[in-house]
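**Q** with the input below, show me the fold.
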Amino acid sequence: MSHRNQTLGEFIIENQSSFKYTSGELSRLINSIRLAAKVVNYEVNKAGLVDIIGNAGDTNIQGEDQQKLDVYANDTFIKTMTKRNIVCGIASEEEDDFIAINSQDENHQNKYVVLIDPLDGSSNIDVNVSVGTIFSIYRRVTPVGTPVTIADFLQKGNKQVAAGYVVYGTSTMLVYTTGHGVNGFTLNPAIGTFYLSHPDMQFPENGNIYSVNEGNYSHFPKGIKDYIKYCQMEEGDRPYTSRYIGSLVSDFHRNMIKGGIYMYPKSSMAAKGKLRLLYECNPMAFIAEQANGKASDGFTRIMDIEPTELHERVPFICGSKSMVQKAEEFMRNA
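**A** Reported below is the predicted structural model:
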């Protein structure tokens, strides 16, 4: 029986039988993510003391400036999962294309692919704002033992077998789901161990926080503008409180605990939205739904969207169920 202060390792072993496939491979994969997260956490927490903050001088496939910690986190997660011979493929927001693992080894039987945003919100790192890691895990669809293909990564979110995030904040937490609820583990930095601190995490059915970059208000579609006005209207339990950190992991984490809605809609500046379907929206949608929340592009369930490219962007509305439903109502009526 799971209990507070149980270690993440103990929790994984105890709950391994609840996985749909019990080869132990998924458990080892979660463990490798735990290890890489501890390494990245160490670097994030000493960022102000060493030459690890600032621009790395390159841009990623998204056309965004890469921060030094972006590159470090990307390398750390890829090397950790590759060296442990656990996955057959990795796709990262920081890489142009997916990475095939052991593609020349005809005997490898690895079944899982990982999609990862190694350091979400990294542009905030030099001002000491919380950042995070987001990961998504699928079973491959191509035959085991063959090189992975793009088809293994372009799967709908409803095919995920696990997803999670790490938030590097005042305390470091790893939150994840394998389709049996959401659990949060807090790192004790003195001994380097994650302990179960937030069992069975749930979004409150309703909330009073809305998270959106209101600086882009004039560029938003009418439905989103109308919903923001609704949030600000003095009526009943409103006006809601506006809270926007600019780091998806941090905003999502706060809203899941306190109750709220996060929105990054399409706009006249970003016709398809800004957030990536495979690295950000799908894993967060899986976690939200497992925590009694909801995730949508304004009209369609996020996890039902058929991806067509590795770095595809979509509008994203996610959070407490009744709040997302109300935002969808405004979108439909706009």
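
**Q** could you use CA atoms for every contact and neighbour count after this?
**A** Will do.

**Q** quick one: pLDDT of the nearest residue to residue 131 once chain neighbours are set aside?
**A** Spatial nearest neighbour of residue 131, chain neighbours left out: residue 121 (5.1 Å); criterion: Cα to Cα, 6 or more residues apart in numbering. With respect to pLDDT, residue 121 scores 84.

**Q** residue 121: neighbouring residues, count only.
**A** Counted by other Cα atoms under 10 Å, the residues lying close to residue 121 total 20.

**Q** stretch 274-285: end-to-end distance?
**A** 16 Å (Cα to Cα, to the nearest Å).

**Q** before we move on, what about stretch 9-26?
**A** 13 Å.

**Q** avg pLDDT for it?
**A** What stretch 9-26 shows for mean pLDDT is 76.

**Q** related to what we said a few turns ago, separation between the residue nearest to residue 131 and residue 179?
**A** Distance from residue 121 to residue 179, by Cα to Cα: 26 Å.

**Q** now the phi/psi pair for the residue nearest to residue 131, please.
**A** phi 80, psi 20 (degrees, to the nearest 10).

**Q** show me the beta-bridge partners of residue 177.
**A** Beta-bridge pairing for residue 177 (DSSP bridges): residue 163, residue 182.

**Q** let me see the contact set for residue 5.
**A** Residue 5 sits next to 195-197 when contact means Cα atoms under 8 Å, 6 or more residues apart in numbering.

**Q** dump those residues to CSV, plus secondary structure.
**A** Below are these laid out as CSV (DSSP: H, G, I helix; E, B strand; the rest coil):
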residue, secondary structure
195, strand
196, strand
197, strand
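
**Q** between those residues, which sits nearest residue 39?
**A** residue 195 (16.7 Å; Cα to Cα).

**Q** neighbours around the closest residue to that closest one other than its chain neighbours, how many?
**A** Leaving aside its sequence neighbours, residue 195 sits nearest to residue 7 (Cα to Cα, 6+ apart; 4.3 Å). For residue 7, the count of nearby residues is 18 (other Cα under 10 Å).

**Q** residue 7 against residue 196, yeah?
**A** Yes: using Cα atoms under 8 Å, residue 7 makes contact with residue 196 at a distance of 6.0 Å.

**Q** give me the common contacts of the two.
**A** residue 185.

**Q** which residues touch the nearest residue to residue 276 once chain neighbours are set aside?
**A** Counting by Cα to Cα, 6+ apart, residue 276 lies nearest to residue 313, which is 4.4 Å off, once chain neighbours are set aside. Shown in contact with residue 313 (Cα under 8 Å, 6+ apart): 272-277.

**Q** repeat for residue 33
**A** Residue 33 makes contact with 77, 80-81, according to Cα under 8 Å, 6+ apart.

**Q** distance of it relative to residue 80?
**A** Residue 33 sits 8 Å away from residue 80, going by Cα to Cα.

**Q** same deal with residue 69?
**A** Distance from residue 69 to residue 80, by Cα to Cα: 16 Å.

**Q** those two: who's more crowded?
**A** Neighbours were counted for residue 69 and for residue 80 using other Cα under 10 Å; residue 69 has more, 24 against 19.

**Q** residue 138 pairs with what?
**A** residue 113, residue 160.

**Q** surely it and residue 113 touch.
**A** Yes: counting by Cα under 8 Å, residue 138 does reach residue 113; the two are 5.5 Å apart.

**Q** quick check: neighbours shared by these two?
**A** Counting by Cα under 8 Å, 6+ apart, the contacts common to residue 138 and residue 113 are 152-153.

**Q** closest one of the contacts of residue 33 to residue 237?
**A** residue 77 (43.2 Å).

**Q** where do the helices sit along the stretch 51-200 of the chain?
**A** Secondary structure of the stretch 51-200 of the chain, counting by DSSP state H, counting those that start in this stretch: helices at 68-83.
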